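**Q** Below are the sequence and a predicted model; questions follow.
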Amino acid sequence: MNDDEKLRAFEAEAEDAYAAMYDAPNSTAAAGCYSNAKEALYDAIGLARRLGKADVAAQLEARLNHIKAVFRSQFGT
(Lines give C-alpha, C1' and ligand atoms only; values in the text may rest on other atoms or scores of the structure.)
Protein backbone atom coordinates (compact mmCIF):
# COMPACT_ATOMS: atom_id res chain seq x y z
CA MET A 1 0.00 0.00 0.00
CA ASN A 2 1.50 3.34 -1.00
CA ASP A 3 1.23 6.54 1.05
CA ASP A 4 -1.78 7.90 -0.84
CA GLU A 5 -3.62 4.61 -0.29
CA LYS A 6 -2.73 4.74 3.41
CA LEU A 7 -4.08 8.28 3.59
CA ARG A 8 -7.37 7.22 1.99
CA ALA A 9 -7.54 4.22 4.32
CA PHE A 10 -7.14 6.42 7.40
CA GLU A 11 -9.85 8.74 6.09
CA ALA A 12 -12.20 5.82 5.40
CA GLU A 13 -11.53 4.37 8.84
CA ALA A 14 -12.39 7.72 10.42
CA GLU A 15 -15.61 8.05 8.45
CA ASP A 16 -16.63 4.47 9.29
CA ALA A 17 -16.04 5.13 12.99
CA TYR A 18 -17.98 8.39 12.78
CA ALA A 19 -20.93 6.62 11.16
CA ALA A 20 -20.78 3.85 13.77
CA MET A 21 -21.00 6.48 16.49
CA TYR A 22 -24.62 7.08 15.52
CA ASP A 23 -25.47 3.37 15.67
CA ALA A 24 -23.81 2.80 19.03
CA PRO A 25 -26.14 1.23 21.60
CA ASN A 26 -24.99 3.51 24.41
CA SER A 27 -22.84 6.53 25.18
CA THR A 28 -19.83 4.40 26.13
CA ALA A 29 -19.84 2.69 22.75
CA ALA A 30 -20.37 6.04 21.02
CA ALA A 31 -17.35 7.43 22.87
CA GLY A 32 -15.28 4.48 21.65
CA CYS A 33 -16.29 5.14 18.05
CA TYR A 34 -15.52 8.83 18.53
CA SER A 35 -12.08 7.94 19.85
CA ASN A 36 -11.45 5.67 16.85
CA ALA A 37 -12.49 8.42 14.44
CA LYS A 38 -10.18 10.92 16.12
CA GLU A 39 -7.24 8.49 16.13
CA ALA A 40 -7.65 7.71 12.42
CA LEU A 41 -7.88 11.40 11.59
CA TYR A 42 -4.79 12.20 13.66
CA ASP A 43 -2.95 9.48 11.71
CA ALA A 44 -4.24 10.89 8.41
CA ILE A 45 -3.29 14.45 9.35
CA GLY A 46 0.21 13.37 10.34
CA LEU A 47 0.69 11.44 7.11
CA ALA A 48 -0.63 14.30 5.00
CA ARG A 49 1.84 16.66 6.67
CA ARG A 50 4.73 14.24 6.12
CA LEU A 51 3.73 14.04 2.46
CA GLY A 52 3.74 17.83 2.16
CA LYS A 53 -0.01 17.95 1.53
CA ALA A 54 -0.84 20.98 3.67
CA ASP A 55 -4.19 21.51 1.97
CA VAL A 56 -5.26 17.92 2.68
CA ALA A 57 -4.06 18.21 6.28
CA ALA A 58 -6.12 21.39 6.69
CA GLN A 59 -9.23 19.68 5.30
CA LEU A 60 -8.72 16.75 7.64
CA GLU A 61 -8.27 19.08 10.60
CA ALA A 62 -11.55 20.79 9.68
CA ARG A 63 -13.26 17.40 9.52
CA LEU A 64 -11.81 16.48 12.91
CA ASN A 65 -13.09 19.72 14.41
CA HIS A 66 -16.53 19.06 12.93
CA ILE A 67 -16.65 15.54 14.38
CA LYS A 68 -15.57 16.86 17.78
CA ALA A 69 -18.30 19.49 17.72
CA VAL A 70 -20.96 16.96 16.69
CA PHE A 71 -19.94 14.52 19.40
CA ARG A 72 -19.99 17.20 22.08
CA SER A 73 -23.36 18.56 21.02
CA GLN A 74 -25.13 15.26 20.40
CA PHE A 75 -23.56 13.02 22.99
CA GLY A 76 -23.24 15.60 25.74
CA THR A 77 -19.61 15.48 26.75
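**A** Perfect, I can see it now.

**Q** Go ahead and name everything in contact with stretch 62-77.
**A** With contact meaning CB atoms under 8 Å, 6 or more residues apart in numbering, stretch 62-77 is reached by 14, 18, 21, 27, 30, 31, 34, 37, 38, 41, 42, 45. Backbone N, C-alpha and C define where each C-beta goes, glycine included.

**Q** typo on my end, stretch 8-24
**A** Contacts to stretch 8-24, defined as CB under 8 Å, 6+ apart, come from residues 1, 30, 32-34, 36-38, 40-41, 43-44, 47, 60, 63, 67, 71, 75.

**Q** can you do 10 Å?
**A** 1, 29-48, 56, 59-60, 63-64, 66-67, 70-71, 74-75 (CB atoms under 10 Å, 6 or more residues apart in numbering).

**Q** Show me these that map onto helices.
**A** 29-48, 56, 59-60, 63-64, 66-67, 70-71, 74-75 (DSSP state H).

**Q** Just the buried subset of those residues, please.
**A** Among the ones in helices among the contacts of stretch 8-24, those classed as buried by 16 or more other CB atoms under 10 Å are 30, 33-34, 36-38, 40-41, 43-45, 47-48, 56, 60, 63-64, 67, 71.

**Q** before we move on, back to that, JSON lines for the contacts of stretch 62-77, including distance to residue 5 and pLDDT?
**A** JSON lines is the format used below for the contacts of stretch 62-77 (distance: CB to CB, whole Å; pLDDT from 0 to 100):
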{"residue": "14", "distance to residue 5": "15", "pLDDT": "98"}
{"residue": "18", "distance to residue 5": "20", "pLDDT": "97"}
{"residue": "21", "distance to residue 5": "25", "pLDDT": "94"}
{"residue": "27", "distance to residue 5": "34", "pLDDT": "90"}
{"residue": "30", "distance to residue 5": "29", "pLDDT": "94"}
{"residue": "31", "distance to residue 5": "29", "pLDDT": "95"}
{"residue": "34", "distance to residue 5": "25", "pLDDT": "97"}
{"residue": "37", "distance to residue 5": "19", "pLDDT": "98"}
{"residue": "38", "distance to residue 5": "21", "pLDDT": "98"}
{"residue": "41", "distance to residue 5": "17", "pLDDT": "98"}
{"residue": "42", "distance to residue 5": "18", "pLDDT": "98"}
{"residue": "45", "distance to residue 5": "17", "pLDDT": "98"}
